[in-house]
Structure formats: structure tokens, C-alpha cells
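Chemist: Provided below are the primary sequence and the corresponding predicted coordinates.
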Amino acid sequence: MNEMANKKRLNVHLYVTPLCNLACKHCYYNAKSREIFSGRLLTILEMKEIVTILSDSYAAAFDVEGGEFFLRPDIDELFEVVPSHYWNNITITTNGTVNVGIDPKHLRCLDEFRISVEGHTDELQHDIRGINLSPVLETCLHLHSNRVPVTLRITLHKKNYKYLPEMIEKFIALGFTKFSMYEFQPVGQGYSYRNEYSLNQLEIEKIFNLLLSFTNYEKIELLKLSLSRKRIPIVTTYRSKFVRIGYNVADLSGISSLTINYNGEIGICPWNVGDDVIGLFYKDDFKTDISKYVERGLFNHFCDYCSAIRIIYQQPKGN
Ligand SMILES: C[S@@+](CC[C@H](N)C(=O)[O-])C[C@H]1O[C@@H](n2cnc3c(N)ncnc32)[C@H](O)[C@@H]1O
């Protein structure tokens, strides 16, 4: 039995800054503009402790983001202080508009390096993010040319879901082969736009049918669609159809969730950051604090927003 298999699985979200240069309509995190911020910010060495302590004790999978990850002026130091073998359980998400001043050799070690796009046209990108797609695609293409395997992170919603096949085809034509999709969640700022963007059950089925009839899977390395618990029954209905074309269906419900905010607040749900704080990060106490919280079952988490089921298409290695 390998060491990871004996460790408790923990999904960890680490927010490195509250700041963002964009003002996306749907932002669940309620990121702040550059001007409004003062107060405690976890240091790079504190973040290193968080990553190493949790990885050493748990089967920890990290999502590290913000705000905008690359707005931390010192973020390059994180790649210097965290040893490379920790990075393969870390996913970083960026909006692709801020200089990625990190050596590609570090980015290649990550589990995933995600860049967020809202669709394949300027119009779709602008609708949610207030910017055109082209500068973001330039970042993606630049990284791609430096052999960084970029995953496109797409939020599916009422206005973009029907373009899914052409969206994927366009990105494939540009050389991208990895896609991680989530359903829009009506939370944070997104709550005000719930009528504009929320998908209903029928639209989720339409997405499933678009994926089932998609014909270019041989060009896709990875395609994931992560859904919240209310979609479990409909995924179950479609499971055998997805399995027949090569998908796996992963049950994620009940995986422990730990969220650490930029200011050291320790909470549970990554979608409700700041609303369920149970402690504060102190380097010397962190390991024992977390094991106490785990023992008490505080990270056992079910909510309406977290991914509870995922369908995954993964090209067999070597293809
Ligand atoms: C909070 S952002 C932070 C990272 C980075 N600044 C960016 O824009 O990608 C992380 C991801 O969450 C997605 N997101 C934000 N609000 C969402 C919502 N209400 N429902 C689903 N996804 C959302 C964004 O599109 C982005 O892909």
C-alpha cells in the first residue's frame, strides 16, 4: 500500500490575495479591487508551511488562487521555497491577464495550471469578465509555446453552454487539450446574477447530450465537468452513457474540505470564504490545530456549491 493511500484525503483551497484586477460579475470570492486592502497577509514562508505540513500529514490536493494569484508581487518566491515534489498536488488558477513571471519549469510540475475563459469569443468573455478574450489567449499561447500544459477553466452558464462544442473545437484548433468545467454557482457576487446565469436541470441535460455527441475526443487529453450535489441524480441517470464513450464518474461527496484565506483565517467551504471561520493560522500550532479539527470532523463538508460529482474524460497515456 503506498503512503498516499494511507493518508486522509483533504481538499485544500488556499487564497493568496484578496485582490483582483478584474471585476467579474459572477465572482463567488468577492475579490477586492487593488485599492481597497489593508491588514494581515499570509507570508510566503507561512504558505510554504501550510503546503508542506498538510502534504506531509494528509493526501492533500491544493487549489491555490485569489483574487488574482499573480498580483502577489512576491509569489515567485513561493516556487523557490516549496520543494518541487510538493507541486504535483497543486492546481493554480489565474485570469491570464497579469504577467506570469514564473519559470515554466516550475509550472510544468503542477497538477494543473488553469487559465479562466468564459467562452470562445470576445463577447462571451466580456459579458462576465469585462475584457476581451484575445489577451488571455495570448497568455495561454505563450505558455503553451513554453511547453506549459495549460488547462482552460470554463464556467458553464445559461449564456454560454449551447456553444460548448464549437468552444472546445476552437480551443483544440489553437492547440489546447485540457478543459476543466464547472457549473455557475449563485454565490458571492454571483448571487445577484442568479437569474441571468444559473442553469436548470434541462440545460444540464442539454450539456450532457452535447458532450455525448461530441465527435473529436481523440484530440482531448482531459475534460472534466464538476457538479454540485443537486446534480448527482441526473449524472447517475446518464452514467452508463458517459462510461460507454470513455468517461469516468467520480463521487467527490464527503471529501474533507479545508479553506485558508489570505489573512490566515481557517475555514471549511471554498465558496463561502470568511463565513465559516474556525481558527487562525499560527505556524507553531498549525499541525496540531488541523489534526484536532480533523478528529472533530469539522472538515466533513456538504454544501450546495462544492463539487460532489465529476465526469472525467482522460486520454489514456501514450495516445
Ligand atoms: C475566483 S476565480 C480566482 C482566480 C482568477 N482570478 C481567475 O479569474 O481565474 C477562480 C475561478 O472561479 C470561477 N468562478 C468565479 N465565480 C464563480 C461562480 N459564481 N460560479 C462558478 N465559478 C465561478 C472563475 O471563473 C475562475 O475560473
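Modeler: Nice, thanks for sending it over. Because the structure is a prediction, the values reported are computed rather than measured.
Chemist: does anything pack onto the host helix or strand of residue 105? Which helices or strands?
Modeler: Assigned by DSSP states H and E, residue 105 belongs to helix 104-107. Helix 104-107 sits against no helix or strand, with contacts defined as 3 or more CB pairs under 8 Å, 6 or more residues apart in numbering; DSSP states H and E. For every residue, glycine as well, the C-beta is placed using N, CA and C.
Chemist: right, is the helix or strand following it up against the ligand?
Modeler: Per DSSP H and E, the first helix or strand lying C-terminal to helix 104-107 is strand 112-117. Yes: using CB under 6 Å from any ligand atom, strand 112-117 reaches the ligand at residue 116.
Chemist: distance from the helix holding residue 105 to the middle of the chain?
Modeler: Between the centre of helix 104-107 and the centre of its host chain there is 18 Å, according to CA atoms, centre = their mean, to the nearest Å.
Chemist: C-alpha coordinates for it, CSV please?
Modeler: Extracted C-alpha coordinates of helix 104-107, given in CSV (Å, rounded to 0.1, in the frame of the first residue of the first chain):
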residue,chain,number,x,y,z
PRO,A,104,7.9,27.4,-17.0
LYS,A,105,9.9,24.6,-15.4
HIS,A,106,8.0,25.2,-12.1
LEU,A,107,4.7,25.5,-13.8
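Chemist: residues in contact with that helix?
Modeler: By CB atoms under 8 Å, 6 or more residues apart in numbering, the residues outside helix 104-107 that reach it are 79, 84, 87, 92, 100, 113, 143, 146-148.
Chemist: can you map out the strands along the stretch 51-200 of the chain?
Modeler: Secondary structure of the stretch 51-200 of the chain (DSSP state E, counting those that start in this stretch): strands at 59-65, 90-94, 112-117, 150-156, 178-183.
Chemist: give the partner strands of the third one in its sheet and their orientations.
Modeler: This means strand 112-117. Sheet pairing here is set by DSSP bridges, and for strand 112-117 it gives strand 90-94 (parallel), strand 150-156 (parallel).
Chemist: between the longest one and strand 59-65, how big is the angle?
Modeler: Spelled out, it's strand 150-156. 80 degrees (axes from the mean of the first three to the mean of the last three CA atoms, to 10 degrees).
Chemist: and the protein, which of its residues are near the ligand?
Modeler: Residues of the chain lying close to the ligand by CB under 6 Å from any ligand atom are 20, 26-29, 65-66, 68, 93-95, 116, 153, 155, 182, 184-185, 187, 190.
Chemist: 8 Å - rerun?
Modeler: Neighbours of the ligand within the chain, by CB under 8 Å from any ligand atom: 20, 22, 24, 26-29, 31, 65-69, 93-96, 114-116, 118, 128-129, 153-155, 157, 182-190, 197, 271, 305.
Chemist: give the full set of residues in contact with the closest residue to residue 266 other than its chain neighbours.
Modeler: Nearest residue to residue 266 in three dimensions, chain neighbours excluded: residue 279, at 4.3 Å (CB to CB, 6 or more residues apart in numbering). Neighbour list for residue 279: 265-266, 289, 293 [criterion: CB under 8 Å, 6+ apart].
Chemist: let me know the pLDDT of residue 279.
Modeler: As predicted, residue 279 sits at a pLDDT of 97.
Chemist: same question for residue 156.
Modeler: 98.
Chemist: and the strands of the stretch 51-200 of the chain as TSV, adding mean neighbour count?
Modeler: Output for the strands of the stretch 51-200 of the chain, formatted as TSV (neighbours: other CB atoms under 10 Å):
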stretch	mean neighbour count
strand 59-65	21
strand 90-94	21
strand 112-117	22
strand 150-156	23
strand 178-183	21
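Chemist: in CSV, list these along with distance to residue 217.
Modeler: Shown next, in CSV, are those (distance: least, CB to CB, whole Å):
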stretch, distance to residue 217
strand 59-65, 25
strand 90-94, 23
strand 112-117, 19
strand 150-156, 16
strand 178-183, 11
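Chemist: show me the one of these that comes nearest residue 73.
Modeler: The closest of these to residue 73 is strand 90-94. By CB to CB, the value is 14.7 Å.
Chemist: what angle do that closest one and strand 178-183 make?
Modeler: 70 degrees.
Chemist: between the strands of the stretch 51-200 of the chain, which one is closest to residue 242.
Modeler: Among these, if distance is taken as CB to CB, the winner is strand 178-183, at 13.8 Å.
Chemist: where's that closest one relative to the chain centroid, distance-wise?
Modeler: On CA atoms, centre = their mean, the centre of strand 178-183 falls 9 Å from the chain's centre.
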